[in-house]
Structures are given as structure tokens and as C-alpha cells.
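In: Here you go, sequence then predicted model.
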Amino acid sequence: MDLNLQELNATEFPVPVELEDNIAITSLSQLYNWGRRNSMWPMLFGLACCAIEMIATASSRFDFSRFGFEVMRATPRQADLMIVSGTVTKKMVVPIVRLYNQMPEPKYVLAMGACASGGGPFKEGYNVVSGMDKYLPVDVYVPGCPPTPQALLYGMIALQRKIDGQSIANGDDVPWYGEGPAEPTPVPVLGPDIIDPRQMDMIRRQAEAAASEAGLLGQRELPAFTQLVAATAVATTAETTEAGPVDEDALSVVLPTGGTPWAEAEDIREKRRLRALARKALRATRRAAQTEGE
Amino acid sequence: MENLAAPATKRLSIDDAIEHLKSSHPHAVKSDDREGYEGVIVDSDRLVEIARVIRDKLGFDYLSSATAVDYLGEGDHMEMVYHAYRSSGGGALVFKAQTDREAAQIPSLVSVWRGADFQEREAWDLYGIRFPGHPNLTRILMWEGFEGHPMRKDWREAYYEEEQKPFDSRWPGGHVHRAEEKNVFGKNVSYPPDIDLNRLMDTSDTAVYQSLGLGVDIERVMDKDGFETNELVVNMGPHHPSTHGVFRMVLTVDGETVTSLEPVMGYLHRNHEKIGERNTYLHNIPFTDRLDYISSMGNNHGYVLAVEQLMSLGRRYNPPTYRCEALRVMMVELSRIVNHLWAIGFWLNDIGAFFTPVLYFIQERERILDFFEAVAGSRMMCNYMRFGGLFGDLPERIKSVSNLTNDRVRDYNTMQFLTEMINERIPRTIDELELLLTQNEIVIERSMGVGVLGAEDAINFSAAGPLLRGSGVAYDIRRADPYSIYGELDFDVAVEQEGDMYARYRVRVTELRESVRILKQILPRLEATAGESIWADGKPGAYQPRVPHGESYGRVENGKGELGYYIVSAGGRGGSANPWRYHVRAPSFINLTPLGHMSKGHKVADIVGILGSIDIVLGETDR
């Protein structure tokens, strides 16, 4: 990758023409993103048919190293990008979530192909997870069955564009620039069917309802109406979890936890947002104190 | 030599063999008289005894496929269907054993054919048939603790809509919805009402370790010199870079030496068979592409052969034309070349030549995929064959408008492109491959004498493809039980005697050369039939065929071994549009049965190579 400083130069401050190749004035975020976008190492980890096209993309004819996806690493600890290349099954999603948790931040997920994006042709299968985004946050979806190497490259470049738009200063939209380690994604459990720990409460309520109403017993298909009720229930609980006034020492804000797992996830997100706000406020007050002192 | 000493019963024709069985076991064996069915139904109490007769006296020593069928509403019983062949060639002796649906139980045949091991576990997993006498009857594709046996006809998945496609909601109304919106959890799950959330624990792994007879703890053992060593359990996979996908091996090692190996699979079990039984016959063709996704053309071929076999029982069926057969054979041989190049490349990866050789092979593969793309419209998932025909004939020219900047614009005359590829490029690649590898000292050192599988074991384990032929059994379905136009083509069956990794490599290289030889014979046949239709009447046959009542087993020699499709049609008036049973006899799956046997006593680094030399693809292993 050639270092093109003119590309990086992004301010109104003029750089003398003779120095344009030597000096660039830019923001820290931009410099940082520029470095990151050009050294995204994907994880060497294939799931199904799409993995073959992923290998073809890595090999000489298409060669994604040209775009900064330098080398595939077999260990999650050295990878920045997880390419979910193929059908995610219920049995496989457990190790995938574990692998994701082991990747150091910042980390990204690219869902390659129809299966990883939404179940694909195997969606109705009893052992198939209908899309990686049911368990992990996905950054880029690449359609196709399998996507051609060109399509995968396009998706990877789209991810680079996404990185370009991120800011270190904003812990809100990029959680890992916040303080402390991020909460790991809960690992699903292989019970009678796969269980997402985030839905534990909901499963319990369903089981209770099934036990109390004889009509529900043995019925595998649940009507859309029930879901509607559940969704409204979540919406109301989520409202009550709106945080109170921000504390002076807002870093240790404790939020009331809602009854549902969805609300719990909301809580976590809300907590992060509040922390980021508090840090911002703290910095502002410090800066104000400094200027006052001067 | 063996044939001279063999009793005359070993040379009986299939019909005579069936008569022989019926006369020697008058009460236990009866003919299968159902319309369109073949073979015999065996009293399940005497199954093991009769299986021994079939193997030893009648000479059907190769158990190709063992699978279950659920006849809910059609007699309400479960049935195990076995296809046994002679390793010297010829057709199948089909025998079946029936059992009640509730408390289904059929004696295990592992003591007769060890190749039945995984297939019986699969039948237990998916159909809930118990096999008394099986050494390790645990779930194989789903996890231990999963609720129900999903392939039973009365078991419904979470996204269940209707028994059979096309679903009323989609056609002809065309109302599409997202299945998530109808499921209360918003994803593909459903739980039994009596789920106990307080005692929730993931026991799927414990079951694997227990089946090895091990705790997860380290065990102390003494080696022969009295030193205390530790025997440990090492887990490889399911995301290990050497496992060719999401395959997992649980090894116990004493130092560096492997003492036992337990393959764990199902991480890519995406329910081909359940979905296939909801699909129409035509729907299934693109699904077969995704079984062995390296050689999709071969998968298509096996499936259309099986369905054509069934269709030929009915009245309205036209067999494919000569040009169609020639095109099929050409496509299949090209995929075999892709498959073997890929297999050799990744096997070299596994024994340490990391990614350098494979890059050269992928170059050649790209060339072949360009051709597939021009003909079928897709690089990998060709979806090319149809019942009684093909998707389309060869195009006049191979071109492409969208190209990468460093890629020459493709515009070739198709026949010229093919001729150049078959006569020059591919032979050149094979020569180069042989020059660098066959006498390569490191390859020889690493692979000779490693992972040995003897001829008798290979047959008994139902090994197929290069794994079987590398063990000195000259069994190639293209010769042993010819289909399509292979009977008239001139080629040799590749065979090596040693049974080790190197022998399998040699078999693959020879097969590459034989494939080129076949392709060279196909080219003049294509030229001679130019302009002829690929369809019997000059127009495409029935788009959605209606298939008469019966069963069929279509098998082809795919790159990885014998790929078979067992299909049962429920028939009905005018035939049925959906298969009642759709089973895939996957070579990658059954070839893994001897993995533990072959790996014992080798070092961990060799295990990776042994697995690579079997050449599996997980889409087919787990289906």
C-alpha cells in the first residue's frame, strides 16, 4: 500500500505545495482509521460453500491483500474481521460466538452469502440459524449464493468505507472506544433447542404459559399475535428504564434492570451511552477548570 | 485367486441370489412386492445372520448405503434399507428390515460391516431407531440432548409451514413473509413445553468425552520405561484451519502419539434431507450443488440419474440424448479435475506446504470455473442438469463483460477454448504437479506408510473413491456398474496397493490423467453431435416431473467417492411431485468411519495429513 499523504490531508490549513508529499495535517481519527482500514486481518475460518469462494478471493486471481486484508490469521486473537462464510448452524453458532468474544476490539463481522445474512436456502432447516445477526452484530452483508469473489471484495471495501466514518471521540457509535472492556456476547446453550441466554426470560414465560394453558401444549408453531404482545410488553418496560438525572459521579451509574432480556440489552447500551456522556461532561469541566486556573 | 476358491454362490446373478436367500431362509426372507420396489424384506430378528450370508456366501461384501425410511401413513412402520454390492462389480442386492414406529429397534450390522457404524448412528439421531449391538449409539449430526428425532414424518421444524412445496402462501398467490415474524422468539427455535430452565447445562460435549471413555481430566499413565507420562485429550476443531471446514476431532494423545480419535460432526448439518422431502424434485437440484460444493456437477448427475431411474418406471419419460450424456460426462470429468486438484492442494497444505501449491491449482480451477460460468451461469453452484436433459447447450462463445482490470477480456470460441484447455493447459498443470511432487523427498517421507488402510478393511469400512482404490481395491463405479456413456469410453481404473497417504495421492494423480483421457474422447463426440438437441423430443421435458410410485438408488463415482441418492416416491395419481424420502449416501461422511482406525499410533501432525488424504468436504459430510 502506497502512502499517499495527499489523501490523508484533510484540513483547511494549507500545506506548502513543495511539502505536500512529506507533510499531512489530519485528525487523529482519520489517521487511526486509515491505518486500521488498510490492515484488516480476516480470520482463517470457513464454514461452508462460501469459504471456497473466500479462498478463491484470497488467492492470486483476486487477491484481497491488495486492499489491505493482508493475511488470514487462524487465531481469533490476531484477527480484526470475522468473515462468516457459510451456513451458520445451531451447533456451530456456539463456537462462533466464543470466537467472536475472543477477538480483540475493534472487531467487525462480515456476513458472506445468503445463509449468513438470513438463512439462505436452508433457512427452514431445523439446525440452521437464520442469519448471523440473530447472535452477533453484523457490519456488512454480502448477498449471493455464494457471492462471487468480486462481490466479496466489494463487501470488504464497503467495510473499509464504514471504518472511515467512525470516530475515536464518539464512544456512542463505536463502543470499543469507551472505557473498560466490553461485555462479551452471551454464548448460546445447546438445550432441547438452541437457547440464547438473552431470551431466557421470554422462554420461561412461554413455558409457563404453555404449562398453564392446555391448548398451547405440544404446539410448536406460535401465532404472530403472541409476538406482538411480547413486543409491546418489551416496549413498555424499555420506557421505564429511561435513566433518571445524570449523577455528578456518573461513571458509576446504576440503572434499574428491566424484566426482559431485551430490556437488559437496552440497559447495557444505555449504560454505555451514559458513561460516554459522563466522560464527555467530565472532560468539559476539567477543561473549564484549567482555563479558569490560567 | 479368491474367485477360484469361492463357492459358486458368489457368482450368482442378483435374482438368483435372492432366490437362494429365500430358499435357504424360507420364513425370514420375502420379496418386496410393493410397486416399484426391489430386493427382499428380511425378518429383523434374523438380520445379522442373513447379512452374514449375504456378505460371505453370496459375495456382496461392500455395504454401500444403509438408511432409514419413515412410512408414516403408508403402513406405519420404520424401515432400514441396505444396498450391498460385490467389490468385483455388478448391481445391488437390496435388503430391508422393518420395525414398529414406536420403540423402533433393529439389530446393528456393525459386527458384519463396520461401514454401517456412522450410518446407523445417523438413523438413530434422525429417526430414533435403536440398534442393539452398536458399540457407540450416540447422536452424530445433532447434539446430545436435542429434542426429538427430526427426520420423522410427524416432527415439525420451528419454521414449519406446510408438508410440501410449493407452499400455498408463495404460489400462486405470491405472498411472501419472513418466517421470523411468525415465530415468537424471532428466530428459528421452538422449545418443548416442559423445558426445565433451572437445570440447563450444555451436555453435548460431555457426551463426546464420555463416549471416549474419558473424563475431561488428565489421566496419568506409565510409559514402557517406567516414566510417568500424561495422556491428554486434545480437541481439534471445529474451526481448526486443517479440518477442511467445520469438522472436529477429539484425540487422546500419549505424548505426541495418538491413542484414539473420535470424529465429531454435524457442525454443518443443514438438513438437506428434511428440506429435500418438502421440496419438489426439481427444487432439489440446486440443493445437491451445495452438498459437495467443490464438484457440484457430479452431485447433479447422481441426483438426476436416481430420479430418471424412477421416472423410467412411468409412461411419459424420454431418456436423455447422446449429446446430453456426452455433455454430462464432460462436466463431471471437469469437476473431477477441479476436485482432485483441490484435494491434492489442501492435502499438501496439511502436510506443511502451506498454500503455495494450492495457489497454482486454484489458477487452473479458475479457468474451469470460467467455463462453468459461461455454460451454466454460475461459477460454483452450477445447477446444470435436468431430468432427461440439461439446463442448456454450450454457448457459441465464452465471453464476459465484467472483468477485473488485470484479467484479459474473455471472448473465445467455446470449442477452441475447450480444446486448448483439455489438450494443453490441464495436462501441463498435471505434468508440473508431478514434476514437483511425485518424487519430492519431503512428500514421500511424510506420506509413505502413514495412515495405512488395508484392502479388506477398506471394503469392510465401506470406504469409497480414492480411499478405496488407494488400498488396492479396483472399484470404480464408472467401470463396476457403468452409467451414462462410461461403458463405451476408454479409460483405466486407477489403483495403488499400499493403502497409505502416498498411494491415495498417486491414485488422484492417475485419475487426473484418466479424466483428461476421457475428455479427449468426449471432444470429437461433441463435435459429431453439434447441432443436435439435448432433449429427446427437441424440446424440454416436463418442468416439474411427476414421479411414479417406487424407490431408486442412483449412484455415481464422484471425486470423493461413491455418491448415491436413495429416493422413494409415494406415487399417487399421476405420480408425486415431492420425494417421500430423499437420502444422500455421502462419500465424505462414510469415508470418515475408518479415520480413527487409520490414525491410531501416528503423531498429531500426521492426523491432519491423514484427514486431508481422505478428502472430505463438510457440506457433504454433515449434509
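Out: That came through fine.
In: I'd like to know how far A:V128 sits from B:P150.
Out: Distance, A:V128 to B:P150, by Cβ to Cβ, to the nearest Å: 12 Å. (C-beta placed from N, C-alpha, C; glycine too.)
In: the more surrounded of these two?
Out: Neighbour count, other Cβ atoms under 10 Å in any protein chain shown: between A:V128 and B:P150, A:V128 has more, with 28 against 22.
In: What sits closest to the more buried one if chain neighbours are left out?
Out: A:F122 (4.7 Å; Cβ to Cβ, 6 or more residues apart in numbering or on different chains).
In: now B:K600
Out: By the measure of Cβ to Cβ, 6+ apart, the closest residue to B:K600 outside its immediate chain neighbours is B:V258, 6.4 Å from it.
In: now for the strand or helix carrying the one you found, which elements pack on it?
Out: B:V258 belongs to strand B:257-264 when assigned by DSSP states H and E. Where contact means 3 or more Cβ pairs under 8 Å, 6 or more residues apart in numbering or on different chains; DSSP states H and E, strand B:257-264 is packed against helix B:204-211, strand B:248-254, helix B:595-599, helix B:604-614.
In: Touching it from outside, list them.
Out: B:208, B:211-212, B:231, B:237-238, B:247-253, B:592, B:595-596, B:599-604, B:607 (Cβ atoms under 8 Å, 6 or more residues apart in numbering or on different chains).
In: For PyMOL, what selects the buried ones among these?
Out: In PyMOL, a selection of the buried entries from the contacts of strand B:257-264 looks like this (16 or more other Cβ atoms under 10 Å in any protein chain shown):
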select buried, chain B and resi 208+211+212+231+237+238+247+248+249+250+251+252+253+592+595+596+599+602+604+607
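In: And the strands in the stretch 101-250 of chain A?
Out: A:108-112, A:140-142, A:189-190, A:194-195 (DSSP state E, counting those that start in this stretch).
In: Nearest to chain B, out of these?
Out: strand A:189-190 (4.8 Å; Cβ to the nearest Cβ).
In: ok, and does that closest one reach over to chain B?
Out: Yes: residues of strand A:189-190 are located near chain B by Cβ under 8 Å from any Cβ of the partner chain, namely A:V189, A:L190.
In: shaky segments in chain A?
Out: For chain A, the stretches with pLDDT under 70 are A:1-4, A:6, A:10-11, A:171-173, A:178-181, A:213-266, A:293-294.
In: So which residue is dead centre in it?
Out: Nearest to the mean C-alpha position of chain A, by Cα atoms, centre = their mean, lies A:P137 at 3.4 Å.
In: mind checking how far the residue nearest to that residue when sequence neighbours are not counted is from B:F167?
Out: Leaving aside its sequence neighbours, A:P137 sits nearest to A:V109 (Cβ to Cβ, 6+ apart; 6.5 Å). Here A:V109 is placed at a distance of 31 Å from B:F167 (Cβ to Cβ).
In: Which residue of those two possesses the greater neighbour count?
Out: A direct count of neighbours by other Cβ under 10 Å for A:V109 and B:F167 places A:V109 higher, at 22 against 15.
In: Who's the closest spatial neighbour of B:K22, skipping the chain neighbours?
Out: Going by Cβ to Cβ, 6+ apart, B:K22 has B:V29 as its nearest residue, at 5.0 Å.
In: How about B:R365?
Out: Nearest to B:R365 is B:V338, by Cβ to Cβ, 6+ apart, at 5.0 Å.
In: what about the one you found, which helix or strand?
Out: Assigned by DSSP H and E, B:V338 falls in helix B:322-350.
In: what's the answer for B:A84, then?
Out: With DSSP H and E as the test, B:A84 turns up in strand B:77-85.
In: Next secondary structure after that strand?
Out: Assignment by DSSP H and E places the next element after strand B:77-85 at strand B:93-100.
In: quick one, phi/psi of residue 66?
Out: Using chain A here. phi -60, psi -30 (degrees, to the nearest 10).
In: ah, no, chain B please
Out: According to degrees, to the nearest 10, B:A66 has phi -130, psi 120.
In: got a list of what B:R397 touches?
Out: B:R397 neighbours (Cβ under 8 Å, 6+ apart): B:D411, B:Y412, B:N413, B:T414.
In: Now do the contacts for the residue nearest to B:R365.
Out: B:I294, B:S295, B:R365, B:I368, B:L369, B:G559.
In: any chance of the residues you listed in TSV, plus pLDDT?
Out: Output for the contacts of B:V338, formatted as TSV (pLDDT from 0 to 100):
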residue	pLDDT
B:I294	89
B:S295	89
B:R365	89
B:I368	89
B:L369	88
B:G559	89
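In: so, if you compare the residues you listed, which one comes nearest to A:S65?
Out: Relative to A:S65, the closest of the contacts of B:V338 is B:R365; by Cβ to Cβ it sits at 19.2 Å.
In: quick one, strands of the stretch 351-500 of chain B?
Out: So, for the stretch 351-500 of chain B - with DSSP E, counting those that start in this stretch - the strands run B:385-386, B:389-390, B:397-399, B:411-413.
In: give me the number of residues near residue 284?
Out: Picked chain A for this. Going by other Cβ under 10 Å, the residues that sit close to A:A284 add up to 10.
In: My question was about chain B, not that one.
Out: 24.
In: what does the stretch 201-350 of chain B put close to chain A?
Out: B:201-202, B:204, B:238-241, B:245-246, B:266-271, B:274-275, B:278, B:286-287, B:290, B:293-294.
In: In helices, which of the residues you listed appear?
Out: Among those, DSSP state H puts B:S204, B:K274, B:I275, B:R278, B:P286, B:F287 in helices.
In: If we only consider those, which is nearest to chain A?
Out: B:S204 (4.9 Å).
In: Quick one, grab the pLDDT at that closest one.
Out: With respect to pLDDT, B:S204 scores 68.
In: B:Y37 now?
Out: pLDDT at B:Y37 comes out at 88.
In: thinking again about what came up before, any chance of the helices and strands packed on strand B:257-264 in CSV, plus distance to B:N183?
Out: CSV is the format used below for these (distance: least, Cβ to Cβ, whole Å):
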stretch, distance to B:N183
helix B:204-211, 23
strand B:248-254, 29
helix B:595-599, 38
helix B:604-614, 38
